[in-house]
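A.B. asks: can you look at this prediction? I've put the sequence above it.
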Amino acid sequence: MKAFIDAPLLIYLNTVESRELRSSYENFYLDILVKYRAYTDI
């Protein structure tokens, strides 16, 4: 599981319980998140 940090949208994603909704955002932002290290693995 990834815990998102720094941006309000990413902080919001930490509270999303729906795996379908969360994964759609994760897939959209994954390249950006990897490039800028906006998450940490937990």
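C.D. replies: Everything's here; your move.
A.B. asks: low-confidence ranges in the chain?
C.D. replies: Within the chain, the ranges that satisfy pLDDT under 70 run 1-6, 37-42.
A.B. asks: tell me where it has strands.
C.D. replies: Applying DSSP state E to the chain gives strands spanning 2-4, 39-41.
A.B. asks: who are the contact partners of Glu17?
C.D. replies: Going by C-beta atoms under 8 Å, 6 or more residues apart in numbering, Glu17 touches no other residue. All C-beta atoms are positioned from the backbone trio N, CA, C, and that covers glycine.
A.B. asks: let the chain start at 46 from now.
C.D. replies: All set: I'll call the first residue 46, so the last point we hit is now Glu62.
A.B. asks: what about it, distance to Leu55?
C.D. replies: For Glu62, the distance to Leu55 equals 16 Å [C-beta to C-beta, to the nearest Å].
A.B. asks: for Asp76, same thing?
C.D. replies: Asp76 is 14 Å from Leu55, by C-beta to C-beta.
A.B. asks: give me the phi and psi for Val61.
C.D. replies: Taking degrees, to the nearest 10, you get phi -70, psi 120 for the backbone angles of Val61.
A.B. asks: do I have it right that it meets Glu71?
C.D. replies: No: using C-beta atoms under 8 Å, Val61 makes no contact with Glu71, being 9.7 Å away.
A.B. asks: dump stretch 61-77 to PDB, keeping only the CA atoms.
C.D. replies: This file holds the C-alpha atoms of stretch 61-77, laid out as PDB (Å, rounded to 0.1, in the frame of the first residue of the first chain):
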ATOM      1  CA  VAL A  61     -10.400   6.900   0.300                       C
ATOM      2  CA  GLU A  62     -11.700   3.400   1.300                       C
ATOM      3  CA  SER A  63     -13.000   2.400  -2.100                       C
ATOM      4  CA  ARG A  64     -10.200   0.400  -3.800                       C
ATOM      5  CA  GLU A  65     -11.700   1.100  -7.200                       C
ATOM      6  CA  LEU A  66     -11.700   4.800  -6.800                       C
ATOM      7  CA  ARG A  67      -8.300   4.900  -5.100                       C
ATOM      8  CA  SER A  68      -6.700   2.700  -7.800                       C
ATOM      9  CA  SER A  69      -8.100   4.900 -10.600                       C
ATOM     10  CA  TYR A  70      -6.400   7.900  -9.100                       C
ATOM     11  CA  GLU A  71      -3.200   5.900  -8.300                       C
ATOM     12  CA  ASN A  72      -3.000   4.700 -11.900                       C
ATOM     13  CA  PHE A  73      -3.500   8.300 -13.200                       C
ATOM     14  CA  TYR A  74      -0.900   9.800 -11.000                       C
ATOM     15  CA  LEU A  75       1.600   7.000 -10.700                       C
ATOM     16  CA  ASP A  76       4.200   8.400 -13.200                       C
ATOM     17  CA  ILE A  77       4.100  11.800 -11.500                       C
END
